[in-house]
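Asks: A predicted structure for the sequence below; I have some questions about it.
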Amino acid sequence: MFLIALAFVLLVPMVVVLLLLAAAQADCGNGTPTGAAVTAPAASVQTMGQDVSYLESQGIPADDAAGIVGNLMQESGLNPTEPGYGLAQWNARWWASASAWISAQGQNPNTTGGQLMYIAANVKGDVDGGNFYAGLQSDLSQAGSPQQAAIVWMNDYEQCQGAGPAGALSFTPGSLCMAENRESYAVQALQAAGGAKAGGSLVSLTPGGTCNASYPLTGSIKGYTNPFEKATGIVWERTDQGVDAAMTPGSPLLAFAPSKVVMIVPDFYAGEPAIVFEITAGPLAGKWWYWSEQIVPTVSEGQTVAAGQVVATYASSGTGIEIGWWQINGGYPLGHPGYAEGLATNAGGDFRYLLQALGANPGTGAGLSSGPTLGNSYYPTGNPGS
């Protein structure tokens with residue numbers, strides 16, 4: 001009997017230690033919120049960087065924290081007394097519940113600190129969970145970048161006009177949600193908290209942060225990247241067969257996905273070339289796409305390239321660039337059949353949507369083309385990041 005009691009006494013502390021270790025791993029290891037109580041932030045918390053640092057201190061991974069703050073920046077400019085109920089622009093019913101909870105914690109509901117504490121409790125402890133999508137915590141744990149986390153928060157929590165379905169990474173480009181701004185602010189927020197670009201990644205270096213890690217700059221689609229990431233002086237132009245733009249001569253042009261160079265067309269338009277690719281991996285595998293016109297190719301036919309690899313540079317003169325979808329096993333862009341000069345084809349609008357999802361922020365092209373300027377028929381409308 002004594003031995004059994006002794007074994008129990010020794011076993012209980014061991015179990016407690018194992019549970020504590022598991023909890024610590026859950027905080028940072030896989031991004032899954034633990035439900036633990038949150039603590040009040042410093043009274044001075046107010047900037048993007050400070051907001052991210054506070055949320056990190058509550059065990060929220062850096063990319064998730066930045067995605068949340070990116071949304072708050074879009075909603076209220078980080079003004080806790082912004083008309084329309086605070087940082088997240090809660091509706092009247094939700095704000096009544098939020099302010100009551102904040103007051104119950106001994107905080108002022110009209111301060112950034114009080115409202116951030118409430119948001120942390122939403123994520124960590126599912127406080128007032130009936131007001132937002134039940135899968136918010138799970139979706140945040142799957143976010144692979146600040147941009148993805150921004151879209152998750154927009155769809156699952158903010159639920160603004162133009163947001164995608166809860167649980168998805170899709171959205172309506174150019175809508176009142178201004179998803180593109182949220183993604184951009186999310187990256188800025190992580191940088192403001194001490195993040196820095198390094199080797200194609202955004203690294204959180206928040207002093208004392210609990211979940212510092214490296215996050216690939218892949219927009220909303222894991223494994224893909226913004227093909228204009230290294231270009232400078234970008235001027236977005238119309239949508240036609242693809243998406244048109246101009247930029248600083250010599251700017252590098254990237255592959256947005258792992259691809260194989262199918263062919264190089266030497267005289268695609270006005271004596272200028274096109275490089276045609278087949279995507280070899282990820283949710284868009286098998287689709288063909290192209291860079292064309294004012295480009296100097298740096299790849300050859302049959303070559304395989306990685307996402308983010310330079311495949312051309314912007315030439316010193318010409319008609320600007322065009323990027324878009326190419327007809328699979330065909331000799332022309334997907335939007336070419338029935339094309340008339342200046343028409344914004346569905347294929348062109350669709351590729352503009354893809355560029356938005358990748359973080360290029362090309363806008364809608366409205367007023368620069370005739371016909372539609374947006375679409376998403378060719379791009380997956382489910383969760384491409386899964």
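Replies: Arrived safely, thanks for sending. Numbering: from 1, shown residues only.
Asks: and the spatially most central residue of the chain, how far is that from P41?
Replies: For the chain, the residue sitting closest to the mean C-alpha position, by Cα atoms, centre = their mean, is Q147 at 1.9 Å. Distance from Q147 to P41, counting by Cβ to Cβ, to the nearest Å: 25 Å. In this view, the C-beta of every residue, glycine as well, is placed from N, C-alpha and C.
Asks: What of P273?
Replies: 55 Å.
Asks: go on, T225?
Replies: Separation of T225 from P41 (Cβ to Cβ) stands at 34 Å.
Asks: cool, and Q89?
Replies: 20 Å.
Asks: who's more crowded, those two?
Replies: Neighbour tally, Q89 and P41, criterion other Cβ atoms under 10 Å: the higher count belongs to P41, 24 against 18.
Asks: tell me the contacts of G324?
Replies: Listed by Cβ atoms under 8 Å, 6 or more residues apart in numbering, the contact set of G324 reads 241-243, 289-290, 333-335, 347-348, 351.
Asks: separation between it and Y339?
Replies: Taking Cβ to Cβ, one finds G324 at 11 Å from Y339.
Asks: Now do the shared contacts for the two.
Replies: In contact with both G324 and Y339: Q241, using Cβ under 8 Å, 6+ apart.
Asks: what about the one helix or strand I323 maps to, average pLDDT?
Replies: Element membership for I323, per DSSP states H and E: strand 321-326. Averaged across strand 321-326, the pLDDT comes to 95.
Asks: Could you point out the helix or strand that follows that strand?
Replies: Counting by DSSP H and E, the next helix or strand C-terminal to strand 321-326 is helix 346-357.
Asks: now the angle from that following helix to strand 321-326?
Replies: 110 degrees (axes from the mean of the first three to the mean of the last three Cα atoms, to 10 degrees).
Asks: Can you spell out which helices and strands pack onto helix 346-357?
Replies: Here helix 346-357 touches strand 235-239, strand 243-246, strand 321-326, going by 3 or more Cβ pairs under 8 Å, 6 or more residues apart in numbering; DSSP states H and E.
Asks: Would you format those strands as JSON lines with distance to A120 included?
Replies: Output for the helices and strands packed on helix 346-357, formatted as JSON lines (distance: least, Cβ to Cβ, whole Å):
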{"stretch": "strand 235-239", "distance to A120": "37"}
{"stretch": "strand 243-246", "distance to A120": "39"}
{"stretch": "strand 321-326", "distance to A120": "41"}
